[in-house]
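> let's see this in three dimensions:
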Amino acid sequence: MSPAAGIGVGVASAMLAWWLGGRWRWVMPLAVVAVGVVAAVLLRVPISPEPARLASSGLGTLGVTRIAAGVLVGGLGALALELLVAGERGPGPAAVAMGLLATVPSALALLTTGMVPLALSAGLLMAMIWVRWQRVAGPQLPIRSLARQALLVLASLLAAAVLMPSARLGSAPMVLEAILLAGGVTGLLGVMPFAAWVGAAIRVGRSEASLWRIWAIPVGVLVGARLIATSPAGVALPLQELLLALGVASSLFWGLRAVLGPPATRYSRVLAADSGLICTAVGLGSSEGLTAALLLVLAHWLGGAVLGEESGTRSQLLAWIGLSGIPPFGGFAGRILIVIAAAAVSFTLVWLLLLAMGLQLAAAASAMRSTLSNTASAGPWRRELIGLVAAASILVLGLVPGQAMQAVLGLHP
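Below you'll find the model as predicted:
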């Protein structure tokens, strides 16, 4: 079955390259073949039902879970979609190569059972993105801030690995370990106070910034969920509280900045606000919260590709509608699931989340007005068609029943 999948994707990539033509003739097949190769390999790897607990010492082993495998394959698919809908100013071959290379540290971070390899993989992922962005934008202050943030993520996770054996000594080490783990997770997600992602993404362009959306945020989601699920209660509970507080604060702050900011920076700020909501969903520590977080990731994989470059006002308008929080689109489904899961924790949290959703809706409405007033000509009809299909897929996400979505994601039997 797996060889047939690899061959089928290879043939499809050749046909796709012939269809697109132009400068993507050799780059696009590499991206699509990579999807086929990873899918073919994963079909031969035993899939574990649940993630193993992280070990503080040793290199650990590789344990593939269904949800981690889906995120890896989905990330490669999101990269291919980014190329399909990009205009002439889309990511070049170097950016595509970096997107493919980022699969390696992302896979190690998701599949390893050792805390030290996890820390090194997360640090390497951020370092690779920083190197690429510095080459594109130069040594600007936000880019340098991202480098410092990468070092803090690495140091936090390594320190947490050292502290793990002493967690049995008392409550203070456990709380300190939770703080360190929260620093690593929020650094990947781009949640306050680790907000260097937003400023750096604005300066490198939307297509280059897709590396944060495609790899860093999903890795942060699954790493955070795994740490909560496999840590002792004395570590997991303060970690959840930190993720909830920082996530809500970030969603409110960036939601307001998205409403008041210029159109050129709006999507990056909306993504940052949604990253805060995603952090909150992970902090809830439930399967509903994780489902909501992954729904928002999927929505931004689809909608973010359309909004990456000018690809025609119709597809961008539909993408903004899908991400706005208007029912029954995927953006609404993900956010309302977070609210439902938060109702079991605190009604104050629910009201804060509803306020954040209102800011997201206002920012999207402003973006829709800007899109409607844009009289620029649409791009090539093939790319515009793919963009419309991708944006319309956000509606499908919102229509899938919650139980079915959890079954697809491997969160429900």
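> can you tell me the helix or strand for Leu271?
Using DSSP states H and E, Leu271 falls within helix 266-283.
> may I see the buried residues of that helix?
If you call a residue buried by 16 or more other C-beta atoms under 10 Å, then helix 266-283 has these buried ones: 266-283. Just so you know, the C-beta spots here come from the backbone N, C-alpha and C atoms, and that holds for glycine as well.
> okay, and the one residue sitting closest to the centre of the chain sits in which element?
Nearest to the mean C-alpha position of the chain, counting by C-alpha atoms, centre = their mean, stands Ile217 at 3.1 Å. Using DSSP H and E, Ile217 maps to helix 217-230.
> which parts of that helix are buried?
Applying 16+ other C-beta under 10 Å to helix 217-230 flags Ile217, Pro218, Val219, Gly220, Val221, Leu222, Val223, Gly224, Ala225, Arg226, Leu227, Ile228 as buried.
> now swap in stretch 131-142 and tell me
Arg132, Trp133, Gln134, Val136, Ala137, Pro142.
> could you do stretch 338-347 as well?
In stretch 338-347, counting by 16+ other C-beta under 10 Å, buried: Ile338, Val339, Ala341, Ala342, Val345.
> for it, how far is the first residue from the last?
12 Å (C-alpha to C-alpha, to the nearest Å).
> do the same with stretch 201-210
So stretch 201-210: terminal residues 8 Å apart, C-alpha to C-alpha.
> so for it, mean pLDDT?
On average, the pLDDT along stretch 201-210 is 81.
> what's the answer for stretch 361-376, then?
77.
> helices and strands around the lengthiest helix in the chain, which ones?
Determined from DSSP state H, the single longest helix within the chain is helix 233-260. Under the contact definition 3 or more C-beta pairs under 8 Å, 6 or more residues apart in numbering; DSSP states H and E, helix 233-260 sits against helix 171-189, helix 217-230, helix 266-283, helix 347-372.
> same list, the buried residues of stretch 131-142, but as TSV with secondary structure please.
Listed next are those as TSV, based on DSSP: H, G, I helix; E, B strand; the rest coil:
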residue	secondary structure
Arg132	helix
Trp133	helix
Gln134	helix
Val136	helix
Ala137	helix
Pro142	helix
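> can you list the helices and strands that the helix holding Leu271 packs against?
Of the remaining helices and strands, those touching helix 266-283 by 3+ C-beta pairs under 8 Å, 6+ apart are helix 171-189, helix 196-204, helix 217-230, helix 233-260, helix 287-306, helix 330-342, helix 347-372.
> and those, which is most packed in?
Comparing the helices and strands packed on helix 266-283 by mean neighbour count (mean count of other C-beta atoms under 10 Å), helix 287-306 ranks first with a mean of 26.
> ok, now which ones touch the residue lying closest to Leu101 once chain neighbours are set aside?
Spatial nearest neighbour of Leu101, chain neighbours left out: Met128 (6.5 Å); criterion: C-beta to C-beta, 6 or more residues apart in numbering. By C-beta atoms under 8 Å, 6 or more residues apart in numbering, Met128 lies in contact with Met98, Leu101, Ala102, Pro105.
> buried members of those into PyMOL, please.
Here is the PyMOL command that selects the buried residues among the contacts of Met128 (16+ other C-beta under 10 Å):
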select buried, resi 98+102+105
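> hmm, back to that, any idea of the mean pLDDT in the longest helix of the chain?
91.
> next, the angle from it to helix 266-283.
160 degrees (axes from the mean of the first three to the mean of the last three C-alpha atoms, to 10 degrees).
> do I have it right that Leu290 meets Gly224?
No. In this structure, Leu290 is not within contact of Gly224 by C-beta atoms under 8 Å, at 9.3 Å.
> how close does the residue nearest to Leu227 when sequence neighbours are not counted get to Ser106?
Among residues not flanking Leu227 along the chain, Leu181 sits closest, at 5.3 Å (C-beta to C-beta, 6+ apart). Distance, Leu181 to Ser106, by C-beta to C-beta, to the nearest Å: 19 Å.
> repeat that for Val131.
Val131 is 16 Å from Ser106, by C-beta to C-beta.
> what segments of the stretch 51-200 of the chain are helices?
All helices of the stretch 51-200 of the chain, identified by DSSP state H, counting those that start in this stretch, fall at 66-85, 93-101, 103-111, 115-137, 141-163, 171-189, 196-204.
> tell me which of those helices lies nearest to Glu384.
Nearest to Glu384, of all these, is helix 66-85, at 8.3 Å by C-beta to C-beta.
> what is that closest one packed up against?
helix 27-42, helix 93-101, helix 103-111, helix 210-211, helix 217-230, helix 287-306, helix 381-399, helix 402-409.
> let's see that with 7 Å instead.
With contacts defined as 3 or more C-beta pairs under 7 Å, 6 or more residues apart in numbering; DSSP states H and E, helix 66-85 has these neighbours: helix 27-42, helix 103-111, helix 217-230, helix 287-306, helix 381-399.
> what inclination does it have with respect to helix 103-111?
With the same axes, to 10 degrees defining the directions, helix 66-85 sits at 150 degrees from helix 103-111.
> so where is the stretch 1-150 of the chain shaky, pLDDT-wise?
For the stretch 1-150 of the chain, the stretches with pLDDT under 70 are 1-60, 86-92.
> for the helix or strand encompassing Leu317, list the C-alpha coordinates in CSV.
Using DSSP H and E, the element containing Leu317 is helix 313-324. The C-alpha coordinates for helix 313-324 follow below in CSV (Å, rounded to 0.1, in the frame of the first residue of the first chain):
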residue,chain,number,x,y,z
THR,A,313,-10.1,39.3,-4.2
ARG,A,314,-12.7,36.5,-4.2
SER,A,315,-10.6,33.9,-2.6
GLN,A,316,-9.2,36.3,-0.1
LEU,A,317,-12.6,37.5,0.9
LEU,A,318,-13.8,33.9,1.4
ALA,A,319,-10.7,33.2,3.4
TRP,A,320,-11.3,36.2,5.7
ILE,A,321,-14.9,35.0,6.2
GLY,A,322,-13.7,31.6,7.1
LEU,A,323,-11.3,32.9,9.7
SER,A,324,-13.6,35.6,11.0
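> just the buried positions in that helix, please.
For helix 313-324, by 16+ other C-beta under 10 Å, it's Thr313, Ser315, Gln316, Leu317, Leu318, Ala319, Trp320, Ile321, Gly322, Leu323, Ser324.
> so who does Ala333 touch?
Leu295, Leu397, Gly398 (C-beta atoms under 7 Å, 6 or more residues apart in numbering).
> any chance of those in TSV, plus pLDDT and distance to Ala119?
Formatted as TSV, those follow (pLDDT from 0 to 100; distance: C-beta to C-beta, whole Å):
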residue	pLDDT	distance to Ala119
Leu295	89	28
Leu397	79	32
Gly398	77	36
